[in-house]
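Colleague: fold the following, please.
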Amino acid sequence: MVISEIFIYPIKSCQGIRVDQAQVTPKGFIWDREFMLVDSNGVFLTQRQHPQLATIKVLFLGNLISLSVKKTSLKPFIFKPSFTGLEIEVDIWGTRTIAIDQGQQVAEWFKTALDLEENCRLVRQSPKYIRLVDQKYAVKENDQVSWADGYPFLLTATASLAELNRKILDFEPQNFEEVPMNRFRPNIVVKTTEPFIENNWKFIQFDEIIFDIVKPCSRCIITTTDQLTGKKNHLQEPLRTLSKFQFAKESMIFGVNMIPRNQGFVSVSSSYKIG
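Modeller: Residues are numbered from 1 along each chain as shown. Below is the predicted model:
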């Protein structure tokens with residue numbers, strides 16, 4: 001069995017980029033969740049409050065980043081990522097840390113693109129301030145993470161998605177809409193034949209790169225949002241169906257959180273070993 005897809009999400013909650021190869025670092029893929037939006041109080045913003053973030057397309061143009069949205073009145077915006085901007089205090093999941101402001105122009109573009117009433121800022125994670133994973137699931141001291149919700153990597157599996165869609169069809173045959181994998185915003189998608197077998201794995205290895213699988217991933221309302229249009233599923237799928245058969249510790253689960261043991265590259269079509 002092999003990797004079927006790899007994704008990075010440069011700006012938290014904006015559209016992802018599908019790639020053929022990505023570099024593994026202790027806090028996630030290079031560029032994955034390197035940036036996020038915060039409100040005027042420094043509190044992080046996601047699709048939970050602003051599903052229209054799903055409509056923001058992010059592309060790399062050499063050492064520049066291009067932002068675009070399907071609004072006829074708003075032109076794409078290109079900016080150069082910076083480590084030299086103003087350092088500001090931000091809050092992500094109740095943890096305060098320091099991030100690097102990316103400037104007024106990109107902040108104004110996002111405010112217009114998202115139809116926000118209040119100001120926002122785009123910030124970059126500072127290499128001077130490590131953000132730790134939940135220590136209950138840390139494998140080693142100082143296991144870290146980018147602006148991702150909790151862990152450096154998220155893996156999902158093809159057989160699990162197929163089984164989930166089969167169950168949605170059984171529960172809602174008259175209103176069935178197939179749920180695509182991008183609703184779960186994975187970093188790595190692997191081909192499997194047995195649904196939800198990944199929940200039992202302890203580690204996975206691609207060539208020389210080994211990841212410890214530390215916990216199933218609890219899913220939130222973002223999975224009900226179309227990752228291109230920002231529109232919500234009126235039946236609350238896939239959460240509604242997951243709650244009937246993939247439920248653990250008061251939360252719906254899909255996919256697994258991972259922490260890398262070492263660094264290197266992983267590629268689409270790479271085979272894997274599990275244990």
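Colleague: could you pull up the mean pLDDT of stretch 226-235?
Modeller: If you average the pLDDT over stretch 226-235, you get 96.
Colleague: what's near enough to touch the residue nearest the centre of the chain?
Modeller: By Cα atoms, centre = their mean, the chain has its centre lying nearest to residue 185, at 4.7 Å. Residues near residue 185 by Cβ atoms under 8 Å, 6 or more residues apart in numbering: 7, 9, 16, 154, 222, 227. Every residue, glycine included, has its C-beta placed from N, CA and C.
Colleague: at 10 Å what do you get?
Modeller: Taking Cβ atoms under 10 Å, 6 or more residues apart in numbering as the criterion, residue 185 is in contact with 7, 9, 12-13, 15-16, 33, 47, 54, 148-149, 154, 156, 217, 222-223, 227, 255.
Colleague: now list the buried members of those residues.
Modeller: Buried members of these, counted by 16 or more other Cβ atoms under 10 Å: 7, 9, 12-13, 15-16, 33, 47, 54, 148-149, 154, 156, 217, 222-223, 227, 255.
Colleague: give me the subset of the residues you listed lying in strands.
Modeller: Applying DSSP state E to the buried ones among the contacts of residue 185, the entries found in strands are 7, 154, 156, 217, 255.
Colleague: residue contacts, the fourth one?
Modeller: Think residue 217. 149-151, 154-156, 184-186, 199, 251-258 are the contacts of residue 217 under Cβ under 10 Å, 6+ apart.
Colleague: max-length helix in the protein?
Modeller: helix 158-171 (DSSP state H).
Colleague: averaged pLDDT, that one. What do you get?
Modeller: 96.
Colleague: do the same with stretch 117-127
Modeller: Mean pLDDT, stretch 117-127: 97.
Colleague: buried residues in that stretch, which are they?
Modeller: For stretch 117-127, by 16+ other Cβ under 10 Å, it's 120, 121, 122, 123, 124, 125, 126.
Colleague: what about it, how long is it end to end?
Modeller: Distance across stretch 117-127, first residue to last, is 31 Å (Cα to Cα, to the nearest Å).
Colleague: one more: stretch 183-194?
Modeller: End residues of stretch 183-194 are separated by 20 Å (Cα to Cα).
Colleague: now this structure, which segments are flagged as low pLDDT?
Modeller: 248-250 (pLDDT under 70).
Colleague: how about a cut-off of 80?
Modeller: 71-72, 246-250 (pLDDT under 80).
Colleague: all helices for the chain, in order.
Modeller: 104-113, 158-171, 239-245.
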